[in-house]
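Q: Show me how the following folds:
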Amino acid sequence: MGTRRRARELALQLLYQYELTDASPEAMQAGFEEWRNASDGVREFADVLLRGTLERLEAIDGELGRQTTHWRLERLAAVDRNILRLAIYELMNETETPHAVIIDEAIEIAKKYGAKDSGRFVNGVLDGFVKRKAKAG
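A: Here you go, the predicted structure:
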């Protein structure tokens with residue numbers, strides 16, 4: 001598994017934990033064995049994703065709410081919601097990574113951690129988000 005994929009998975013796990021505990025990133029990382037065992041590169045990118053998503057959570061959730069008009073955020077499966085948050089953070093802020101790569105990574109992570117249809121759901125939401133943003137200019 002690639003460094004960036006592993007970092008995205010760690011960030012997802014920590015974001016999910018944050019949603020349940022509201023603990024600080026430092027506290028979550030200190031108590032997470034997979035974090036401590038990860039390479040420096042994985043931890044560095046995962047930390048960027050986690051902190052960036054948390055810092056912009058209100059704006060990300062606003063974008064997610066606009067994209068999932070028939071679903072309230074709290075009704076989305078927690079794993080799907082957090083995968084979408086991370087991917088939207090990346091789509092909005094990590095300009096060096098192509099959108100198709102970010103979406104593909106989110107789909108693969110959704111297939112691994114989510115429900116049976118999570119990959120298709122994540123794909124639809126993120127594809128719609130990218131198209132809406134492109135149309136808006």
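Q: Identify the residues contacting Gly2.
A: By C-beta atoms under 8 Å, 6 or more residues apart in numbering, the contact list for Gly2 is empty. Backbone N, C-alpha and C define where each C-beta goes, glycine included.
Q: what's the helix or strand for the spatially most central residue of the chain?
A: With distances taken as C-alpha atoms, centre = their mean, the residue of the chain nearest its centroid is Leu86 (1.9 Å). Here Leu86, judged by DSSP states H and E, is contained in helix 78-93.
Q: Skip ahead from that helix and say which helix or strand is next.
A: Sequence-wise, the next helix or strand downstream of helix 78-93 (DSSP H and E) is helix 99-113.
Q: Measure how far the next helix or strand after that next one is from the centre of its chain, please.
A: Per DSSP H and E, helix 99-113 leads on to helix 118-136 as the next helix or strand towards the C-terminus. Taking C-alpha atoms, centre = their mean, to the nearest Å, one finds helix 118-136 lying 14 Å from the centre of the chain it belongs to.
Q: neighbouring contacts of helix 118-136?
A: Outside helix 118-136, the residues within contact range by C-beta under 8 Å, 6+ apart are 63-64, 66-68, 77, 79-80, 83-84, 87-88, 91, 99, 102-103, 106-108, 110-111, 114.
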